[in-house]
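>>> 3D model of this:
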Amino acid sequence: MPPVLTPETTRDIHIQHLSKSFEISSGLLFRVKGTLDAVKDVSVSVKEGDSLGIVGESGSGKTTLAKILAGFLQPDQGSVTFGPLDLLTIPRQDRAHVVQMVFQDPFSSLNPKLLLGTQLREAFKDKENVSDRASGLMMDVGLSSDFLKRYPHQLSGGQRQRFAIARALAASPKLLLADEPVSSLDLSVQAQIINLLNKLRRTKKFTQIVISHDLAVIANLCDHILVMKKGGLVEQGPTQQLLRSPADPYTQRLLNALPIL
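Alright, predicted model coming up:
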C-alpha cells in the first residue's frame, strides 16, 4: 500500500550511517577480488522544503546515495527516515509516491515510442481530470500543451528536461532527487532549468536533493551542501558559509576549479 503523509506530518529527512559497497570482480570466471566502498557511513539531515546539494568528483558516491534514496539500490547498513516513514522499508513502486528522480539524460528515461501526453498522464497517481492537469503541469514547467502531442525525439535537450521534471512532479512527490539535472545542457539553458527548479520548489512545496560535480550549480540551487569524496563525507554546512570558508582542502580544490562563482 502506498505510504501516506498527511498535511500535518513533519517531513524532515534524516539519513543515518548509510553505507553501500560493491564487489569487484575480474577475469574470465569473474572472481571476486575485493570490494568498493561506494558510500561510507554518511549521515545528513534535510529540513522539509529545503534543498540539499551533494557535490563531489566522479566516483565520490553521490549518485549511489541518490539511488538508495530513490529505491534503486539497498544499502548495506544505515537508515533513512522521512518524517514518520522508514523509507528503506517501502518498496520502490510505492516509494515513487513520495520520492521522484530527475536524471541527467532525460531522453534515456523517456519511452521513445509513446507520445509525451501518454507518458505524463500515466504518471498521475490520481486519474481524475488527468488531461486538464497534464496541460496545467506543462504550463508550470514552461511548455505549451501542444507538446503533449509530440514524441521525445521532437524536443530539444532543454525541453526534454522540462518534460522530465513535469513527469516527476505528476506523482506529487514530497522529495525530488535531481541527478546532474543541467550538466548536459548549454549554459543559457542551464540557467533556465535552475530558475525553474527554484520556482517549482517554492510553489509545489517539495524537498529537493541535487547531485552535481559543479559547485556553481549547487550554489544556485541549494540551501545546504554536503561534500563527498571516495564514498565518505568530507564536510557539510549552509551553502554561503561553506563557500566562503571551506574547512577541508578537498572542498577548496573544488572551489578553485571554478572560474567564477
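>>> residues contacting stretch 108-117, please?
103, 119, 131, 134, 147-153, 155, 160, 163-164, 167 (CB atoms under 8 Å, 6 or more residues apart in numbering). Any C-beta I mention is one placed from the backbone N, CA and C, and that applies to glycine too.
>>> now swap in stretch 119-135 and tell me
2, 97, 110-111, 117, 137-138, 145, 148, 163, 166-168, 170-172.
>>> just the pLDDT for the residue lying closest to residue 96 once chain neighbours are set aside.
Excluding the flanking residues, the one nearest residue 96 by CB to CB, 6 or more residues apart in numbering is residue 171, at 5.9 Å. pLDDT, residue 171: 91.
>>> which of the helices and strands in the chain ranks last by mean pLDDT?
The helix or strand of the chain with the lowest confidence, counting by mean pLDDT, DSSP states H and E, is helix 106-109 at a mean of 80.
>>> may I ask which two of the contacts of stretch 119-135 are separated the most?
2 and 145 (28.0 Å; CB to CB).
>>> in this protein, which strand is the longest?
strand 31-46 (DSSP state E).
>>> neighbouring contacts of that one?
Contacts of strand 31-46 (CB under 8 Å, 6+ apart): 12-26, 52, 61, 64-65, 68, 75, 78, 207, 209, 224, 226, 228, 230-233, 236.
>>> which of those count as buried?
13, 15, 18-21, 52, 61, 64-65, 68, 75, 78, 207, 209, 224, 226, 228, 231-233, 236 (16 or more other CB atoms under 10 Å).
>>> mind checking pLDDT for residue 32?
66.
>>> sorry, slip of the keys, the one I care about is residue 128.
86.
>>> for it, phi and psi?
phi -80, psi 140 (degrees, to the nearest 10).
>>> in the least confident helix or strand of the chain, what's buried?
For helix 106-109, by 16+ other CB under 10 Å, it's 106, 109.
>>> then stretch 145-158?
Buried, per 16+ other CB under 10 Å, within stretch 145-158: 147, 148, 152, 155, 157, 158.
>>> need the contact list for the fourth one.
With contact taken as CB under 8 Å, 6+ apart, residue 155 is in contact with 116, 147, 163.
>>> from those residues, which land in strands?
Using DSSP E, none of the contacts of residue 155 sit in strands.
>>> next, format those residues as JSON lines and append pLDDT and distance to residue 47.
Below are the contacts of residue 155 laid out as JSON lines (pLDDT from 0 to 100; distance: CB to CB, whole Å):
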{"residue": "116", "pLDDT": "96", "distance to residue 47": "34"}
{"residue": "147", "pLDDT": "96", "distance to residue 47": "34"}
{"residue": "163", "pLDDT": "96", "distance to residue 47": "29"}
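>>> for residue 253, state which of these is nearest.
So of the contacts of residue 155, ranked by how close each gets to residue 253 (CB to CB), first place is residue 163, at 36.0 Å.
>>> neighbours of the closest one, how many?
Applying other CB atoms under 10 Å, we find 24 other residues in the vicinity of residue 163.
>>> mind checking which of the buried residues of stretch 145-158 land in helices?
The helices, defined by DSSP state H, take in 157, 158 from the buried residues of stretch 145-158.
>>> so what's the residue count around the closest residue to residue 221 other than its chain neighbours?
Leaving out its chain neighbours, the residue that sits closest to residue 221 by CB to CB, 6+ apart is residue 210, at 5.1 Å. With neighbours defined by other CB under 10 Å, the count for residue 210 comes to 28.
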